[in-house]
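[1] Sequence and predicted structure below; questions after.
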Amino acid sequence: MKSTTMRAVRIFYFLAWPVLLGGCNARQGTEGAKPAAYDQVGELPTGLSALPERELAVAVCGSCHLFPEPLLLPKTAWQRGVLPRMAIRLGLSQEGLQPYRELRYEEINTVMQAGIFPDEPLVDSVAWAKITQYYLREAPAEAPPQARQAAVPLDLSLFRAVDVRFAANRPPLTTLLRFDAGAGHLWVGEGDGTLRRLDGTLRVKDSLRTGSPAADLVFLPGGEALLVLMGVMPPNDLDSGRVVRLATRGTLAIRDTLLQKLVRPVHAAVADLDGDDTPDVAVCNHGNYTGSLAWHKDLRAPREGGILRAGPGFRKVTVRDLNRDGRPDLVALAGQGNEGIWAFYNQGAGRFEAKPLLRFPPVYGSSYFQLADFNGDGLDDILYTNGDNADYSITPKKYHGLRIFLNRGNDKFEESWFFPLHGATQADALDFDGDGDLDLAAIAFFPRYGEAPEEGFVYFENTGNLHFAPHSLPNAARGRWLVMETGDFDGDADPDIALGSYLFSPGEVPLPMLQTWREQGASVTILYNTRRDRHAKSPAQ
């Protein structure tokens, strides 16, 4: 998980990015409109030290998140990165590690009030020694390789790449891509707090200095939008995040601030959540040690609605009527510590019932999800990516990649497809080739740049029965892709793809590639869909 030197690179997801026990203090349910508090580590049995090693590890490490098997990381990652961090989260002292040393002064009180680091040890030294011994004995000496052996073929002809560069943005630091289909504008947010609007010819129509990196943009009726501003991008628990109302007709301007004092917000969704015929907003406060998924009443004059779930790492929230009762429910991804996908069933009058749909080990690096029906049964399935690798266990992970979980009803989801992809960051499902089924486009922020740089972008052609043929471009590594957006950018009724490059990050990148990115790399690359172009040409042409 995260080293001190990596703090500056934890961007919004997304940037997620966590400590192994990041979910230890996150409440397991929701109280609707009642604020949810941080709980301490779950109930631990008495006589811990007498338990066999594995039982002891499961009892302690599985008390607040899914138990991480030793096989998930190599021995050195446990020994040097994860176990020391686990120890201080249990109140045990570790040489060279002080719980509050990495925090800014303004964060310390927030973290202390949340009870992240206990005042007294939660386990004794004998129990911790047995846990450590168990992990170091059972962990592999080296990270196991991914099962996939075949390289992704560089034969993708469905798209034509066009680069967009901004002279003032060197190196590229793209944090946001959003397409306004109604106006035909592509919005680009950057790490220096610049927001640009591009017209259909990819020329900058106008721009705005926001004072903070943008993480999300939600378009509203009447020429307005909600802009989510992270505040400070590197991992933090500062309350400097905001949601502002943006005027998008005429002169581009921030109209007013709707929500402030948010802890690193990264995503938002708008819907009438309490049934009063006015739109409300749900916000993912990613935080670092603290955070929440919260909702706020009435966009006209926002006020507190409730904390749906307390804890860091909330990455994305989607509105969907899951049980078809006519009320909008919420589905959210937590990608830090207590990783998983949660449903929040709307009970009416601002009350919600939380239910985990999927849970993942705390080292998985959950990064994105999308709801889509892949088998045509009328139920929402889940497309999921995991590949965050800027943490305390920077090592190749065989379980990074893309997964499809089919909905079997009654909130049961079954993993039905997996494609290993190092550093998988986002995947979107659309019918890109026009044959009536869902294809996939995926980006990876941590691919194997020295061996397979083209795996930073992979297109998956749906060949039927949950089989997907991977393809990439010879120059797919023209940027380091952090964000992706889809839409019909050129108005030809076929979906195109926009890729946003963000260069400031850890990970092994060959120096010549890094220099090229810095000096010539595009901030955004548009992949124009050429399906209609090719079909319009006869063999004689």
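    Good, I have the coordinates.
[2] for this protein, where's the lowest mean pLDDT among helices and strands?
    In the chain, the helix or strand scored least confidently by mean pLDDT, DSSP states H and E is helix 531-536, which has a mean of 70.
[3] and the longest helix for the protein?
    helix 125-138 (DSSP state H).
[4] just checking, what packs against it?
    Judged by 3 or more CB pairs under 8 Å, 6 or more residues apart in numbering; DSSP states H and E, the packing partners of helix 125-138 are helix 53-61, helix 83-89. In short, each C-beta sits where N, CA and C put it, glycine included.
[5] Would you mind putting those helices into CSV with mean pLDDT, mean neighbour count and distance to L122 alongside?
    Listed next are those as CSV, based on pLDDT from 0 to 100; neighbours: other CB atoms under 10 Å; distance: least, CB to CB, whole Å:
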stretch, mean pLDDT, mean neighbour count, distance to L122
helix 53-61, 94, 19, 8
helix 83-89, 93, 21, 9
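[6] Out of those helices, flag the one nearest P302.
    Nearest to P302, of all the helices and strands packed on helix 125-138, is helix 83-89, at 33.8 Å by CB to CB.
[7] Show me where this structure dips below the pLDDT cut-off.
    Across the chain, the ranges flagged by pLDDT under 70 are 1-46, 168-169, 505-507, 534-541.
[8] on that earlier part again, can you put the helices and strands packed on helix 125-138 in TSV and add distance to G387?
    Shown next, in TSV, are the helices and strands packed on helix 125-138 (distance: least, CB to CB, whole Å):
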stretch	distance to G387
helix 53-61	23
helix 83-89	20
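[9] Kindly state the beta-bridge partners for W187.
    Note on W187: beta-bridge partners R178, R197, judged by DSSP bridges.
[10] That one contacts T175, doesn't it?
    No - between W187 and T175 there is no contact under CB atoms under 8 Å: 11.3 Å.
[11] neighbour-wise, which of these two wins?
    T175 (28 against 23; other CB atoms under 10 Å).
[12] rewinding a little: got the angle between the longest helix of the chain and helix 53-61?
    Orientation of helix 125-138 against helix 53-61 (axes from the mean of the first three to the mean of the last three CA atoms, to 10 degrees) gives an angle of 110 degrees.
[13] At which residues are the strands of the stretch 301-450 of the chain located?
    303-310, 314-320, 329-334, 340-348, 351-359, 366-372, 381-386, 401-407, 413-420, 424-430, 439-444 (DSSP state E, counting those that start in this stretch).
[14] Next: the stretch 151-300 of the chain.
    So, for the stretch 151-300 of the chain - with DSSP E, counting those that start in this stretch - the strands run 159-164, 174-180, 185-190, 194-198, 204-209, 214-220, 224-229, 241-247, 253-262, 265-271, 280-285, 292-297.
[15] quick revisit: between the strands of the stretch 301-450 of the chain, which one is closest to G287.
    Across the strands of the stretch 301-450 of the chain, G287 has its closest neighbour in strand 314-320 (8.2 Å, CB to CB).
[16] residues making contact with the closest one?
    Strand 314-320 is touched from outside by 13-14, 16, 266-271, 282-286, 291-293, 328-335, 366-371, 380, with contacts defined as CB atoms under 8 Å, 6 or more residues apart in numbering.
[17] Can you tell me the centre-most residue of this protein?
    In the chain, the centroid-proximal residue (CA atoms, centre = their mean) is S367; its distance is 3.4 Å.
[18] if I look at it, how far off is M233?
    16 Å (CB to CB, to the nearest Å).
[19] and the nearest residue to L202 once chain neighbours are set aside, how many residues sit next to it?
    With sequence-adjacent residues excluded and distances taken as CB to CB, 6 or more residues apart in numbering, L202 is closest to V164, at 5.4 Å. Counted with other CB under 10 Å, residues neighbouring V164 total 20.
[20] Tell me the bridge partners for V164.
    According to DSSP bridges, beta-bridge pairing links V164 with V524.
[21] Spit out the contact partners of it.
    Residues in contact with V164, defined by CB under 8 Å, 6+ apart, are V188, L198, L202, A522, S523, V524, T525, I526.
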